[in-house]
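Trainee: turn this into a structure:
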Amino acid sequence: MDLVLPDALPSDDERAAVDAVLGPATSGWSGGERAIEFEGRVARSGGETHDRRHQLLPALHALQARAGWISPGGLRYVCERLTVPPAEAYGVATFYAMFSTDQRPQTVVHMCDDIACKVAGAENLIGSLERELGSERENQLLRSPCLGMCERAPAVLMQTFGNEASDTAMGPVSMEFLDPFLHGGPWTMMSGAEAAMVAPQTDEGRDDLRLLRRVGLVDPSSLDDYRAHGGYEALRRAVELGPDGVIREMKDAKLLGRGGAAFPAGVKWEAVAKQSVRPHYFICNADESEPGTFKDRVLMEHDPFAVLESLTIAGYATGSEKGFIYIRGEYPHATTMLEGAIEKAYAHGFLGSDVMGEGFAFDVELRRGAGAYICGEETSLFNSIEGKRGEPRNKPPFPVERGVFGKPTGINNVETLVNVLEVLTLGGEAYARIGTPDSTGPRLFCLSGCVERPGVYEVEHGVTLRELLELAGGVRGGKALKAILLGGAAGSFVTPDDLDLRLTFEDSKATGVTLGSGVAMVFDEDVDLADIVLRIAAFFRDESCGQCVPCRVGTVRQEEALARVIAGRANGSLSDELALIGEIGQVMRDASICGLGQLAANAVDSAIHRLKVFDGGVA
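Mentor: Below is the predicted model of the structure:
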């Protein structure tokens, strides 16, 4: 069944927005004026236009920014330009939370109500906003999952649509700060709100820092400043070593991925480099959407050239002709910084057809997500880049054989890539001596919740959870520690008895928890953990792509059962209900297509069995 939009016409503004992305229409077959005497018998550029399907997401972003929504007329025009069936384009537009097929006001506020912001009082703030806005303006306030600003909770994303469209992420916010939004007054930024130091260690000296050493020191918009602090020396070293030499150093370093899967980066790079099919692609996964995670955002905002340099090294080593940075749509400032860095890198010969005059080509394109946690999964990300719904693919084939556009593809997250600079600067063997034999190198952790100094912290693998908590000043206000969520919503809760856990891949695995993406969210004695667990369950219910039954149904049933337990309306006994929740979680782990479903019950399970939240434990 197809979707037909025969009477829907785009406005002039919508045409202009789409044309700004896709270029002017060259024929009636691609959305222009049709000259029937010529085009009634001959179709021009059909195949070429069809190959531009990957531009669907940028075109939809342009429509959303200009009009505030994706109207039937605007959607029809995009479909004509890209020869995409309207039903498919509508399926994509409705898949992503940041797109709307209903008309929105010129300004909307996405208020985060996820875990860290909930602990920081987001629910009270949302209630006050709803009362102030009233029923006439209720569609200006939208609840949002984690905005990746947990160190500044409670946070909002403010969107203004039109010719002067803008997105601004802000925090911490208050009713006083949001008064201009409510009453139309002039904006005055809160003192220090945007410039808050997100890496507290940098205030105390940088001698022991590697990944964060330039944060707050180097002007992130200046290529010259970056180079003055060692920028692009690692790329020159890579060229000296050659692709095989770079991969050898990566394997010697034993660098494991920092996005959660902990796959050896050097092994992945080597597998891509060996593929005979061309072209090769390398992707920086910057769709950092795990609740509690914000380290990649800090690196992109404060050290964007480091992200570009490391991606270029990855492209060189794997023989990739093109790279993508896929950044989550809720990161407007990081997007701006990367756009500027890419422009300057091209202008100074660090990207393009002859990088640094060394005879190899590498191009980089920035792609924005649009609000879909599932797109952090690599194959979902590939589908999103290709202009499809961000649904995961079955494996095998694996990305190193058939990734984006069906070609060999390497992919690492931001932190993993930035570690590459240290591998080449120190040498693989020297890098491997940092940390422990099985967990090498420095690691970034995101501390948020009830801590004195929330932010990103850099440590070597092997420090204890207690030492990490002490770096952040301990529990806020001197209150008692109730629990810590390690690894984010897809991670596990640990108790105060686990504070001597060494933060390594091997120790966390032996303990039955995960480091995940580096989240350590702290909860004090006043936090209602049952409410937090229910919010985690709601998060996975909302973020399931719905492609496979175990996840689509299981996440809903998990949340429903938890809600019954919390409300004291269990079906049967409490033990029966908890056993049912356990069975649902096991089915999701065993039968879901991707990591979302496989990990959706982890935090819930740890809350039930480790914390005893619903059995008279630490709730």
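
Trainee: looking at the protein, which helix is longest?
Mentor: helix 233-253 (DSSP state H).

Trainee: follow the chain on from that one and name the next helix or strand.
Mentor: Counting by DSSP states H and E, the next helix or strand C-terminal to helix 233-253 is helix 265-273.

Trainee: list the strands paired with the helix or strand that comes right after that next one, with their directions.
Mentor: Downstream of helix 265-273, the next assigned helix or strand under DSSP H and E is strand 281-286. Paired strands of strand 281-286, with direction, are strand 322-327 (parallel), strand 409-413 (parallel) (DSSP bridges).

Trainee: can you list those in JSON lines and add mean neighbour count?
Mentor: The way it works is simple: take the backbone N, C-alpha and C, and place the C-beta from them, glycine included. Compiled in JSON lines, those are given as follows (neighbours: other CB atoms under 10 Å):
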{"stretch": "strand 322-327", "mean neighbour count": "24"}
{"stretch": "strand 409-413", "mean neighbour count": "27"}
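
Trainee: just want the angle from the longest helix of the chain to helix 265-273.
Mentor: Using axes from the mean of the first three to the mean of the last three CA atoms, to 10 degrees, the inter-axis angle of helix 233-253 relative to helix 265-273 is 100 degrees.

Trainee: can you pull out the helices in the stretch 101-250 of the chain?
Mentor: 115-119, 122-133, 179-183, 223-228, 233-253 (DSSP state H, counting those that start in this stretch).

Trainee: minimum distance to residue 495: which of the ones you listed has it?
Mentor: helix 115-119 (17.4 Å; CB to CB).

Trainee: helices or strands up against that closest one?
Mentor: strand 442-449, strand 519-524, helix 529-543 (3 or more CB pairs under 8 Å, 6 or more residues apart in numbering; DSSP states H and E).

Trainee: now the helix or strand where residue 558 lies: buried residues?
Mentor: Using DSSP H and E, residue 558 falls within helix 549-567. Across helix 549-567, burial judged by 16 or more other CB atoms under 10 Å covers 550-552, 554-559, 561-562, 564-566.

Trainee: same check on stretch 150-160?
Mentor: Neighbour-count burial for stretch 150-160 [16+ other CB under 10 Å]: 150, 151, 152, 153, 154, 155, 156, 157, 158, 159.

Trainee: let me see the contact set for the first one.
Mentor: Which is residue 150. 115, 116, 117, 291, 292, 293, 294, 446, 448, 449, 454, 521 (CB atoms under 8 Å, 6 or more residues apart in numbering).

Trainee: residue 494: which of the buried residues of stretch 150-160 is nearest?
Mentor: residue 150 (17.9 Å).

Trainee: I'd say residue 585 and residue 601 touch.
Mentor: Yes: here residue 585 lies in contact with residue 601, judged by CB atoms under 8 Å, at a distance of 2.9 Å.

Trainee: hey, where'd the strands end up in the stretch 401-550 of the chain?
Mentor: 409-413, 435-436, 439-440, 442-449, 455-460, 481-486, 492-494, 519-524 (DSSP state E, counting those that start in this stretch).

Trainee: those strands: which one's closest to residue 225?
Mentor: strand 455-460 (20.7 Å).

Trainee: could you check the angle the closest one makes with strand 519-524?
Mentor: 120 degrees.

Trainee: taking strand 442-449 as reference, get the angle to strand 455-460.
Mentor: Using the same axes, to 10 degrees: strand 455-460 against strand 442-449 is 150 degrees.

Trainee: so which elements touch strand 455-460?
Mentor: strand 442-449, helix 465-471.

Trainee: hmm, 6 Å instead?
Mentor: Contacts defined by 3 or more CB pairs under 6 Å, 6 or more residues apart in numbering; DSSP states H and E place strand 455-460 against strand 442-449.

Trainee: and the strand it packs on, what other elements does it pack with?
Mentor: For strand 442-449, the packing partners by 3+ CB pairs under 6 Å, 6+ apart are helix 115-119, strand 455-460, strand 519-524.

Trainee: direction included, what does that strand pair up with?
Mentor: strand 455-460 (antiparallel), strand 519-524 (parallel).

Trainee: out of those, flag the one nearest residue 20.
Mentor: Nearest to residue 20, of the strands paired with strand 442-449 and by CB to CB, is strand 455-460 at 35.5 Å.

Trainee: distance to residue 590 and mean pLDDT for the strands of the stretch 401-550 of the chain - can I get that in a markdown table?
Mentor: What follows is those, written out as a markdown table (distance: least, CB to CB, whole Å; pLDDT from 0 to 100):
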| stretch | distance to residue 590 | mean pLDDT |
| --- | --- | --- |
| strand 409-413 | 26 | 98 |
| strand 435-436 | 31 | 96 |
| strand 439-440 | 28 | 96 |
| strand 442-449 | 30 | 97 |
| strand 455-460 | 35 | 97 |
| strand 481-486 | 23 | 98 |
| strand 492-494 | 18 | 97 |
| strand 519-524 | 25 | 98 |
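
Trainee: of those, which is nearest residue 202?
Mentor: strand 455-460 (9.4 Å).

Trainee: restricting to C-alpha, output the closest one in PDB.
Mentor: The C-alpha trace of strand 455-460 is given here as PDB (Å, rounded to 0.1, in the frame of the first residue of the first chain):
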ATOM      1  CA  GLY A 455      31.400  16.100  34.800                       C
ATOM      2  CA  VAL A 456      33.700  14.000  32.700                       C
ATOM      3  CA  TYR A 457      36.700  12.400  34.500                       C
ATOM      4  CA  GLU A 458      39.700  10.800  32.900                       C
ATOM      5  CA  VAL A 459      41.300   7.900  34.800                       C
ATOM      6  CA  GLU A 460      43.500   4.900  33.900                       C
END
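
Trainee: quick one, what contacts residue 117?
Mentor: 153, 154 (CB atoms under 6 Å, 6 or more residues apart in numbering).

Trainee: ok, now how distant is it from residue 110?
Mentor: 11 Å (CB to CB, to the nearest Å).

Trainee: ok, residue 262 next?
Mentor: 32 Å.

Trainee: burial of the spatially closest residue to residue 451 that is not a sequence neighbour, as a residue count?
Mentor: The spatial neighbour of residue 451 that comes closest, neighbours along the chain excluded (CB to CB, 6 or more residues apart in numbering), is residue 472 at 4.3 Å. Here the number of neighbours of residue 472 (other CB atoms under 10 Å) works out to 23.

Trainee: who's in contact with residue 472?
Mentor: Per CB under 6 Å, 6+ apart, neighbours of residue 472: 447, 451, 453.

Trainee: got a winner among these for most neighbours?
Mentor: residue 447 (26 neighbours).

Trainee: nearest to residue 201, out of the helices and strands packed on strand 442-449?
Mentor: Of all the helices and strands packed on strand 442-449, strand 455-460 comes closest under CB to CB, at 6.1 Å.

Trainee: give me the contact list for the closest one.
Mentor: Residues contacting strand 455-460 (CB under 6 Å, 6+ apart): 151, 198-200, 209, 211-212, 295, 298, 434-435, 442, 444-447, 471.

Trainee: residues near the spatially closest residue to residue 549 that is not a sequence neighbour, how many?
Mentor: In this structure, residue 549 finds its nearest non-sequential neighbour in residue 591, 8.0 Å apart by CB to CB, 6+ apart. If you count neighbours by other CB under 10 Å, residue 591 ends up with 14.

Trainee: circling back: next, format the strands of the stretch 401-550 of the chain as a markdown table and append distance to residue 163.
Mentor: Shown next, in a markdown table, are the strands of the stretch 401-550 of the chain (distance: least, CB to CB, whole Å):
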| stretch | distance to residue 163 |
| --- | --- |
| strand 409-413 | 35 |
| strand 435-436 | 51 |
| strand 439-440 | 50 |
| strand 442-449 | 37 |
| strand 455-460 | 36 |
| strand 481-486 | 43 |
| strand 492-494 | 47 |
| strand 519-524 | 39 |
